[in-house]
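# Based on what follows, work out the 3D shape:
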Amino acid sequence: MKAKILLLTFVFSIALFSQTKNKKTGSVVFIHPDGTALADWNALRIITVGPDSEINWDKLSGIGLYQGHIKNRITSSSNAGATIHAYGIKVDLDVFGMDNGDIPTALSGKKLSIMQEAKSSGVFTGIINSGSIIEPGTAVFVSSDTKRAHYEAITKMVIESGTDLIFSGGEDWLLPVGTKGRFVESGKRTDEINLISFAEKNGYKVVYTKDELITLSPKEKKVLGVFAAIHTFNDMSEEEQQKQNLPNYVETAPTLKEMTDYALKFFSAKGKFLLVIEEEGTDNFGNANNAQGKLAALKRADDAIGSLIDFIKKNSSTLLVTAADSEAGGMEIAGYEVKPLEANTPLPARDPNGSPIDGIKGTATLPFISAPDKQGNRFPFGIAWSSFGDVTGSVIARAHGLNAEKMKGKIDNTFIYKLMYITLFGKSLN
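From the prediction side, this is the model:
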């Protein structure tokens, strides 16, 4: 009897060891189109491919109803939301990679963000942001500070983190006062540190434009992309853009898709990786109530998602997860009868409840026109705004690839961390 028990114990131990050993892990890409919700993706679908067709976002297999409240408020801030995604714990509104004035203990039990833990385990790491290098959606994964406004310190921590790939704007905080850059006449740093020179001395190849990125070898050891003075976009109202004759995006900067395409080649040549991507334009244009700018930013995010879908077809041990922490501007679609289209009539400036309504060139301009539906019909519509700030409503999280089936039903914002963690490390966290 004793021998039988020992044999069963041995068999159970072997089975358990085998199960643990064979638990599949893989690479993770977290793409954060900041400030987006269901209405945003519906609007993009309507204007680009028509209400009956599919954008790339529609093709993702997993879907979760994202619950985005934080520790001390229903609506999150970008920095609190990023901290929750990076550490898997609820935090207060004003934190930046911290909790109660200290580096958080993540859900894994370590005082490391998921990217810092991944790097310490030999996983290659990267961050991409269409905004400045100091934007929390990516910066929080590799830096912590008591205030979001400590741009000088945050930028230094991001560069000193040793992250293998860093793409963003923000040249102004990379250079000292009095130092001319590619995009700025003078940097803003008061500590006299030239972080671009520091990066070059520490093995980074530095590029500044989409043309330089296109010709860059993916075999570089480390890469720093500095693509704008601040953001790669001009986040202001349509009317102000027209007054200054500015486009939505800096023309020399690569698109989010172009940055993502390079990153996928870069990491494919290296091994297992964690890549965090943020399209910040979707947030900033929304908070400026710039409808055509937000739609342009959404298209850029969706194009990057398309590249990731194609990558996963050939690299099945990769997880793509996407979510926002809140909605920027509370954007909604206001449909109209075909009559205004035929009459070439501008939209009303406001809805009867006072909500401003944007057309193609701003408030009280001609309507947006949908792509054809399956009957070939096209429809005029406007974008109604509820706020200049972030609001809580219908954020949808999606997933694709390895472990995507776990993204389902109602999910808490801490689940983003959990899903990334089990994919990277094979360990489920409660």
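# Now Val131: closest residue in space, sequence neighbours ignored.
Wrong residue type there; residue 131 is Gly, not Val. Nearest non-adjacent residue to Gly131, counting by C-beta to C-beta, 6 or more residues apart in numbering: Glu280, 3.1 Å away. To be clear about C-beta, it is placed using only N, CA and C from the backbone, and glycine gets the same treatment.
# Can you show me the helices along the protein?
All helices of the chain, identified by DSSP state H, fall at 2-21, 38-48, 78-87, 114-120, 136-139, 151-160, 195-201, 210-214, 238-244, 256-268, 281-287, 291-314, 339-343, 415-425.
# which of those is buried the deepest?
When neighbours are counted by mean count of other C-beta atoms under 10 Å, the highest per-stretch mean among those falls to helix 136-139, a mean of 30.
# Which other helices and strands does that one contact?
In terms of contact count using 3 or more C-beta pairs under 8 Å, 6 or more residues apart in numbering; DSSP states H and E, helix 136-139 is assigned the packing partners helix 78-87, strand 124-132, helix 151-160, strand 273-279.
# Kindly reformat those as JSON lines containing distance to Gly335.
Compiled in JSON lines, the helices and strands packed on helix 136-139 are given as follows (distance: least, C-beta to C-beta, whole Å):
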{"stretch": "helix 78-87", "distance to Gly335": "30"}
{"stretch": "strand 124-132", "distance to Gly335": "29"}
{"stretch": "helix 151-160", "distance to Gly335": "42"}
{"stretch": "strand 273-279", "distance to Gly335": "26"}
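# The residue nearest to Arg398 when sequence neighbours are not counted - how many residues pack around it?
Across the structure, with C-beta to C-beta, 6+ apart as the measure, the residue nearest Arg398 apart from its sequence neighbours is Leu60 (4.0 Å). The tally of other residues near Leu60 (other C-beta atoms under 10 Å) stands at 22.
# I'd assumed Ile312 was in contact with Leu60.
No - between Leu60 and Ile312 no contact is recorded; they are 9.8 Å apart, counting by C-beta atoms under 8 Å.
# re the thing from before, quick one: closest of the helices and strands packed on helix 136-139 to Lys201.
Closest of the helices and strands packed on helix 136-139 to Lys201 is helix 151-160, at 11.1 Å (criterion: C-beta to C-beta).
# what's near enough to touch the closest residue to Ile416 other than its chain neighbours?
The shortest distance from Ile416 to any residue other than its chain neighbours is 4.8 Å, reached at His85 (C-beta to C-beta, 6+ apart). His85 sits next to 30, 32, 140, 323, 325, 413, 416-417 when contact means C-beta atoms under 8 Å, 6 or more residues apart in numbering.
# if we can go back for a sec, could the helices of the chain go into CSV alongside distance to Ile369 and mean pLDDT?
Shown next, in CSV, are the helices of the chain (distance: least, C-beta to C-beta, whole Å; pLDDT from 0 to 100):
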stretch, distance to Ile369, mean pLDDT
helix 2-21, 55, 41
helix 38-48, 8, 98
helix 78-87, 32, 98
helix 114-120, 42, 98
helix 136-139, 32, 98
helix 151-160, 41, 98
helix 195-201, 44, 98
helix 210-214, 30, 98
helix 238-244, 17, 96
helix 256-268, 25, 98
helix 281-287, 20, 98
helix 291-314, 12, 98
helix 339-343, 7, 55
helix 415-425, 36, 98
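# Of all these, which one comes closest to Glu54?
Across those, Glu54 has its closest neighbour in helix 38-48 (7.3 Å, C-beta to C-beta).
# ok so, going back, compare the helices and strands packed on helix 136-139 and give me the one nearest Pro51.
Comparing the helices and strands packed on helix 136-139 against Pro51 with C-beta to C-beta, the closest turns out to be strand 273-279 (23.0 Å).
# ok so, going back, mind picking the two most distant members of the contacts of His85?
Of all pairs drawn from the contacts of His85, the one with the longest distance (C-beta to C-beta) is Val140 and Ala323, at 14.6 Å.
# more crowded one of these two?
Between Val140 and Ala323, Val140 has the larger neighbour count (other C-beta under 10 Å), namely 31 against 26.
# tell me the pLDDT at the more buried one?
What the model reports as pLDDT for Val140 is 98.
# What of Asn430?
In the predicted model, Asn430 carries a pLDDT score of 83.
# Okay, it and Ile411: tell me how far apart.
Going from Asn430 to Ile411 by C-beta to C-beta, to the nearest Å gives 14 Å.
# And for Lys265?
31 Å.
# Contact partners for Leu174?
Neighbour list for Leu174: 133, 155, 159, 181, 187, 189, 194-196, 226 [criterion: C-beta under 8 Å, 6+ apart].
# between those residues, which is closest to Ala404?
Distances from these to Ala404 were compared by C-beta to C-beta; the smallest belongs to Ile133, at 30.1 Å.
# if I pick the nearest residue to the closest one once chain neighbours are set aside, what's in contact with it?
In space, Ile133 comes closest to Gly170 once its chain neighbours are excluded; the distance is 3.5 Å by C-beta to C-beta, 6+ apart. Contacts of Gly170 were listed using C-beta under 8 Å, 6+ apart, and they are 131-134, 155, 226, 228-230.
# Adding distance to Lys219, write those residues out as TSV.
As requested, the contacts of Gly170 are exported to TSV (distance: C-beta to C-beta, whole Å):
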residue	distance to Lys219
Gly131	28
Ser132	28
Ile133	24
Ile134	29
Thr155	27
Val226	20
Ala228	26
Ala229	29
Ile230	31
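# Next one: the closest residue to Met157 other than its chain neighbours relative to Gly376, how far apart?
The shortest distance from Met157 to any non-neighbouring residue, by C-beta to C-beta, 6+ apart, is to Ser143 (3.5 Å). Remark: distance between Ser143 and Gly376 (C-beta to C-beta) = 51 Å.
# One more: Lys410?
Lys410 sits 38 Å away from Gly376 when distances are taken as C-beta to C-beta.
# Same check on Thr25?
Computed with C-beta to C-beta, the distance linking Thr25 and Gly376 is 48 Å.
# quick one, which of these two is more surrounded?
The neighbour comparison of Thr25 against Gly376 (other C-beta under 10 Å) goes to Thr25, with 17 against 7.
# Next one: the closest residue to that one other than its chain neighbours relative to Met115, how far apart?
With C-beta to C-beta, 6+ apart as the measure, Gly426 is the residue that lies nearest to Thr25, at 4.5 Å, once sequence neighbours are left out. Counting by C-beta to C-beta, the separation of Gly426 from Met115 is 17 Å.
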